[in-house]
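> Sequence and predicted structure are below.
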Amino acid sequence: MTLLPDSLPSLRETVESHGLMAKKALGQNFLLDRNITDKIIRLSLEKQNKKDFSGEYVFEVGPGPGGLTRAVLEADPQKLTVVEMDERCIEIMNDLKKIVGERLEIINGDAMKINFAEKGSAPRNIVSNLPYNISVPLLTGWLKQIENFSSLTLMFQKEVADRICAPTNCKDYGRISVLSQLQCRIERLFELNPNCFVPAPKIWSTVLLFQPLHSNISQEEITKIEKITALAFGQRRKMIRQSLKSLPGIKEKLQQLQIPETFRAEQLTPAQYLQLAKLF
């Protein structure tokens with residue numbers, strides 16, 4: 001279903017007409033190739049066994065000139081809410097809203113201060129080429145409310161994506177690996193080289209799809225996991241009997257779970273961190 005008119009200006013024309021130079025302070029790197037933005041949405045939907053977003057709410061952080069925004073609208077969501085801080089991009093979104101109407105909601109604000117789980121109704125999806133400078137804090141916040149979302153389709157710096165997907169016993173494995181893998185099935189959709197963006201960053205990017213595992217981990221347990229992983233990975237070269245020594249009865253609890261106290265942070269699986277959290 002084609003929902004946008006063929007007469008819509010190209011993304012490059014849109015950027016030029018609005019004098020939209022990317023701002024480093026806002027973590028902006030624009031994706032102007034519609035083939036790529038369409039591919040992001042197509043692959044995400046395919047992995048979820050969906051044809052489109054019909055009847056679903058979608059949220060996008062940092063739409064910029066609107067490449068991904070257009071691709072989402074083509075997938076026919078019940079409503080798309082975009083959150084943008086840059087007034088120049090708000091103008092572009094307003095131009096788009098004149099065409100698509102109330103299906104596009106525009107919020108001029110800070111995504112870090114918005115509770116997406118309280119907006120719209122289920123099923124909710126987040127799709128975003130995340131601003132690099134706040135990608136991990138945003139993801140961490142959404143993971144704490146993951147039961148409220150159907151999917152997260154997010155683009156990160158490749159090194160951040162590597163950390164999210166890292167297995168145990170490797171240098172990339174850390175706190176965000178544990179929190180992500182405990183709560184979601186994560187799939188790499190594809191990688192993008194720097195030349196796909198304007199301006200070209202110095203790093204590659206990776207698109208990840210997060211689908212909730214519905215593992216029923218409580219907010220209290222998540223808070224405890226955050227504390228335990230902060231201690232363990234904060235001194236990741238030390239054995240956990242040392243890095244976790246501030247936790248009461250840690251040696252006994254490790255013994256109870258049959259986790260060697262000589263292990264280091266990267267040797268514990270996400271499931272073992274959850275088991276530890278349940279004992280405190």
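That came in fine, so what should we check first?

> List the buried residues in stretch 252-263.
253-254, 259, 263 (16 or more other Cβ atoms under 10 Å). No exception for glycine: its C-beta is placed from N, CA and C like everyone else's.

> nope, stretch 41-48 is what I meant
Per 16+ other Cβ under 10 Å, stretch 41-48 contains these buried residues: 41, 43-45, 48.

> swap in stretch 171-186?
Under 16+ other Cβ under 10 Å, the buried positions of stretch 171-186 are 172-184, 186.

> what ranges do the helices span in the stretch 151-280 of the chain?
For the stretch 151-280 of the chain, helices defined by DSSP state H, counting those that start in this stretch occupy the ranges 158-165, 175-183, 219-234, 240-243, 250-256, 270-278.

> Which one of these lies nearest to N195?
Closest of those to N195 is helix 158-165, at 14.1 Å (criterion: Cβ to Cβ).

> and the angle for that closest one with helix 175-183?
50 degrees (axes from the mean of the first three to the mean of the last three Cα atoms, to 10 degrees).

> what's in contact with helix 158-165?
135-136, 139, 156, 172-174, 176-177, 180-181, 186, 188, 191, 203-206, 208 (Cβ atoms under 8 Å, 6 or more residues apart in numbering).

> ok, now with 7 Å
Residues outside helix 158-165 that contact it (Cβ atoms under 7 Å, 6 or more residues apart in numbering) are 135-136, 172, 174, 176-177, 180, 186, 188, 191, 203-206, 208.

> Looking at the buried residues of stretch 252-263, point me to the pair that's furthest apart.
Across the buried residues of stretch 252-263 (Cβ to Cβ), the longest gap, 13.1 Å, separates K253 and F263.

> related to what we said a few turns ago, could you tell me which of the buried residues of stretch 41-48 are located in helices?
41, 43-45 (DSSP state H).

> hang on, A111 packs against P63?
No: using Cβ atoms under 7 Å, A111 is not in contact with P63; the gap is 10.9 Å.

> between these two, who's got more neighbours?
P63 (27 against 23; other Cβ atoms under 10 Å).

> can you confirm the more buried one is in a strand?
No: under DSSP: H, G, I helix; E, B strand; the rest coil, P63 sits outside any strand and is assigned coil.

> show me the contacts for it.
So P63 contacts 69, 82, 84, 89, 93 (Cβ under 7 Å, 6+ apart).

> what does S215 give?
Taking Cβ under 7 Å, 6+ apart as the definition, contacts of S215 comprise 182-183.

> domain assignment for this protein?
11-212, 219-278 (automatic domain parsing).

> and L4, which of those is closest to it?
Taking the domains of the chain one by one with Cβ to Cβ, domain 11-212 is closest: 5.9 Å.

> Give me the mean pLDDT for the closest one.
Mean pLDDT, domain 11-212: 91.

> what's the spacing between it and its chain's center?
Relative to its chain's centre, domain 11-212 lies at 7 Å (Cα atoms, centre = their mean, to the nearest Å).

> which residue ranges form the strands in the stretch 1-150 of the chain?
Under the criterion DSSP state E, counting those that start in this stretch, the stretch 1-150 of the chain contains strands at 30-31, 57-61, 79-84, 104-108, 124-129.
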